[in-house]
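[1] Need coordinates for the following:
(2 chains)
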Amino acid sequence: MSRRGSLVKRLDRSGLGLLSPPLLLLLVVFLLPLLAMLPTSFQPYIPGKGIGQGFTIEHYVKALTDSYYLEIIGRTLALGTIVTLTCLVLGYPLAFFLARTQSRWRPWLMLLVVFPLLLNLVVRTFGWIALLANRGLVNDTLIALGLIETPIKLLFNFSGLLIALSHIFLPFMVLVLVGVIRNLPRDVEDAARTLGAGWAATFFRVTLPLSLPGILAGSILVFVLTVSALVTPRLLGGPTYKVMSTLIYDQFLQLLNWPAGAALSFILTAIAVGLISLSSGLARRMGAGA
Amino acid sequence: MSARSAERWRARGLAAFAAVILAFLMLPVVVVVLASFTNTSYLTIPPKGLTLRWYEAVFNDREYIDALWFSLILAVVVTAVSIVLGTMAAYALSRRQVPASAAITGLLMSPLAFPGVVIGVALLQYYTLTGLRGGFIGLLLAHLVITLPYTVRTILASMAGADAEIEAAARVLGANPWVAFWTATLPVIRPGLMAGGLFAFITSFDNVPVTIFILGTRHMTLPVKIFTAIEYGVDPSIAALSTVLIAGTAIFLVLAERWTGFHRFA
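    Model (predicted):
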């Protein structure tokens, strides 16, 4: 008995031993760098010289009151919201089809959803440049069809970012929803139909409410990914049409205003991490209620 | 119209909608492939003429080839180390009594919640202070941080399906811990290791938001190289290079599906 006890203790120590390399990595290359950026965000910025001495909250105040910054933050949140809704409207029917189809092609259709995710993001964004440019495929097609006479501007503005980001994050929404819809109890739907509910009533009063946890999880994921995205907004928005992440990029690499960039980074992080923890709390409540 | 035929039409409508959305998902891919064959010096779809000269231009460009090799080597090293670290963490969390294991799991997953650009700028400042900026080690460590959540998660999931008793039996029968793990547990969690490794490889090979801030001038990765090239202006050689990556990714995906039944892990 005592031998067994000492064995258990030895194994426990080995558990912490096994965990220490990955935890050390996170401490040194993730937590410490983030902590080190915190004081930077409270230091003054002297144009032409860089980071000054002293303590100031001006970067946070400016980010949350200055109309230029507020417009960019508002644009980022609006983009996140509309991209999320678009992914939901386009993704739910596709996910429903993929979850329910009996087709033997199903694994391959799933791979069609996964493929864009694995493909280099820069390549996908480049595809959208070719599609949305003034002489791109979308404008050429619309002109050939006689729907417009001169090209409409789809790059360096909201609509271009909306289309491309919806495309890029749609697979995430679909994969989350497929998982949830596949696990729905089919007998509840059958019961509703047997009891005389029509197709629409069954869908809107049984299937859709039961898939709400998946809708919530997928929406939070797509929203956070959209407001965090850097590559696509930078390449399709150019240096002028900015969102929060490209503003941070410019503050660090172009303007060398690290304190302002650090403050904006913490505001963006607060939005992303705050939403994720809020949603996991909500999911627990919904799980407990079900 | 009978209820049954209405049902059939609804199913067809849904299938048609799904086909349109799947086509939308593949649209930029098809466009890039088409644009790579154009004989013009500007990007145009459908291509005018048919030429492979943009492929020739890309394969003769040392900068692209060097960046490709560097990205591949970095991704392979990152994947190998990430699998080892991920297995250590997942094994400890699922097979040992670890204090605060929920908090530790949350910490290991947390790089997923942070915007890549924030991790990137934090490392830019930190690496500038510590002198790691621009070196291979700095890149490796940064990529390990962003790939670890994927390896830990998939390996944890496969650990849950592996029977701990088999390894315990091997220990009782006298096998040392390494042999017991290697022969009793590893074969069972291998699909999880493979899937986690694939995610780690793609995450490393694909990354721009973190990499671009810590790259310096000594090294160049392929996605950052393409990213900066597009910022300077697009031409069909970028489409040719993209098509090479599209073909590589497609082969990778088909092989991954054969080996691991990849779509179940996505």
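
[2] Just the local confidence number for B:Met1, please.
    Per-residue pLDDT puts B:Met1 at 52.

[3] ok, now which ones touch the residue nearest to the spatial centre of chain B?
    For chain B, B:Ile202 is the residue whose C-alpha lies nearest the centre (C-alpha atoms, centre = their mean; 1.7 Å). By C-beta atoms under 8 Å, 6 or more residues apart in numbering or on different chains, the contact set of B:Ile202 is A:Leu118. (Each C-beta comes from the backbone N, C-alpha and C, glycine too.)

[4] again, only using 10 Å
    A:117-120, B:75, B:79, B:147, B:150, B:249, B:252-253, B:256 (C-beta atoms under 10 Å, 6 or more residues apart in numbering or on different chains).

[5] now these in JSON lines, with distance to B:Leu129, pLDDT and secondary structure?
    JSON lines is the format used below for the contacts of B:Ile202 (distance: C-beta to C-beta, whole Å; pLDDT from 0 to 100; DSSP: H, G, I helix; E, B strand; the rest coil):
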{"residue": "A:Leu117", "distance to B:Leu129": "35", "pLDDT": "90", "secondary structure": "helix"}
{"residue": "A:Leu118", "distance to B:Leu129": "35", "pLDDT": "89", "secondary structure": "helix"}
{"residue": "A:Leu119", "distance to B:Leu129": "36", "pLDDT": "91", "secondary structure": "coil"}
{"residue": "A:Asn120", "distance to B:Leu129": "31", "pLDDT": "90", "secondary structure": "coil"}
{"residue": "B:Ala75", "distance to B:Leu129": "27", "pLDDT": "96", "secondary structure": "helix"}
{"residue": "B:Thr79", "distance to B:Leu129": "28", "pLDDT": "97", "secondary structure": "helix"}
{"residue": "B:Thr147", "distance to B:Leu129": "24", "pLDDT": "96", "secondary structure": "helix"}
{"residue": "B:Tyr150", "distance to B:Leu129": "28", "pLDDT": "93", "secondary structure": "helix"}
{"residue": "B:Thr249", "distance to B:Leu129": "37", "pLDDT": "90", "secondary structure": "helix"}
{"residue": "B:Phe252", "distance to B:Leu129": "37", "pLDDT": "86", "secondary structure": "helix"}
{"residue": "B:Leu253", "distance to B:Leu129": "40", "pLDDT": "85", "secondary structure": "helix"}
{"residue": "B:Ala256", "distance to B:Leu129": "39", "pLDDT": "80", "secondary structure": "helix"}
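
[6] host element of residue 76?
    I went with chain A, as the question did not name one. Using DSSP states H and E, A:Thr76 maps to helix A:67-100.

[7] The chain in question should be chain B.
    helix B:62-95.

[8] what about that helix, distance to the chain center?
    Distance of helix B:62-95 from its chain centroid, counting by C-alpha atoms, centre = their mean, to the nearest Å, is 10 Å.

[9] returning to that earlier point: which other helices and strands does the helix holding A:Thr76 contact?
    helix A:58-65, helix A:106-118, helix A:158-182, helix A:212-228, helix A:231-237, helix A:244-253, helix A:258-289, helix B:3-35 (3 or more C-beta pairs under 10 Å, 6 or more residues apart in numbering or on different chains; DSSP states H and E).

[10] What are the buried residues along that helix?
    Residues of helix A:67-100 classed as buried: A:69, A:72-73, A:75-77, A:79-80, A:82-84, A:86-88, A:90-100 (neighbour count, 16 or more other C-beta atoms under 10 Å in any protein chain shown).

[11] just to revisit the earlier point, just the helices and strands packed on helix A:67-100: most buried one?
    helix A:231-237 (a mean of 24; mean count of other C-beta atoms under 10 Å in any protein chain shown).

[12] Any part of it near chain B?
    Yes - applying C-beta under 10 Å from any C-beta of the partner chain, one finds helix A:231-237 touching chain B at A:231, A:234-236.

[13] How far away from the center of its chain is that helix?
    Distance, centroid of helix A:231-237 to centroid of chain: 15 Å (C-alpha atoms, centre = their mean).

[14] Report the mean confidence score over it.
    93.

[15] Quick check: which helices or strands does it pack against?
    helix A:67-100, helix A:121-132, helix A:158-182, helix A:212-228, helix A:244-253, helix B:116-130, helix B:222-232.

[16] Swap in 7 Å and give it another go.
    helix A:121-132, helix A:158-182, helix A:244-253 (3 or more C-beta pairs under 7 Å, 6 or more residues apart in numbering or on different chains; DSSP states H and E).

[17] Other residues contacting that helix?
    A:121-122, A:125, A:128-129, A:155-156, A:160-161, A:164-165, A:168, A:243, A:245-246, A:249, B:208-209, B:227, B:230 (C-beta atoms under 7 Å, 6 or more residues apart in numbering or on different chains).

[18] if you set the cut-off to 6 Å instead, what comes out?
    For helix A:231-237, the external contacting residues (C-beta atoms under 6 Å, 6 or more residues apart in numbering or on different chains) are A:121, A:125, A:155-156, A:160-161, A:164-165, A:243, A:246, B:208, B:230.

[19] can you check stretch B:24-38 too?
    A:116, A:124, A:127-128, A:130-131, B:43-45, B:47-48, B:50, B:54, B:236, B:239-240, B:242-243, B:246.

[20] give me the low-pLDDT residue ranges for chain B?
    B:1-3, B:39, B:41, B:260-266 (pLDDT under 70).

[21] Would you mark the buried spots in stretch B:65-84?
    Quick answer for stretch B:65-84 (16+ other C-beta under 10 Å): B:67-68, B:70-72, B:74-75, B:77-79, B:81-83.

[22] between the helix holding A:Thr76 and helix B:3-35, how many degrees?
    For helix A:67-100 against helix B:3-35, the angle between stretch directions is 120 degrees (axes from the mean of the first three to the mean of the last three C-alpha atoms, to 10 degrees).

[23] Could you save the contacts of B:Ile202 as CSV and add columns showing distance to A:Val273?
    Below are these laid out as CSV (distance: C-beta to C-beta, whole Å):
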residue, distance to A:Val273
A:Leu117, 23
A:Leu118, 26
A:Leu119, 28
A:Asn120, 27
B:Ala75, 27
B:Thr79, 27
B:Thr147, 20
B:Tyr150, 19
B:Thr249, 31
B:Phe252, 32
B:Leu253, 31
B:Ala256, 31
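
[24] And those residues, which is closest to A:Ser211?
    A:Leu117 (21.3 Å; C-beta to C-beta).

[25] quick one: buried residues of stretch B:213-228?
    B:213-215, B:219-227.

[26] Between these, which sits nearest A:Phe30?
    The closest of these, once distances to A:Phe30 are taken by C-beta to C-beta, is B:Ile214, at 13.1 Å.
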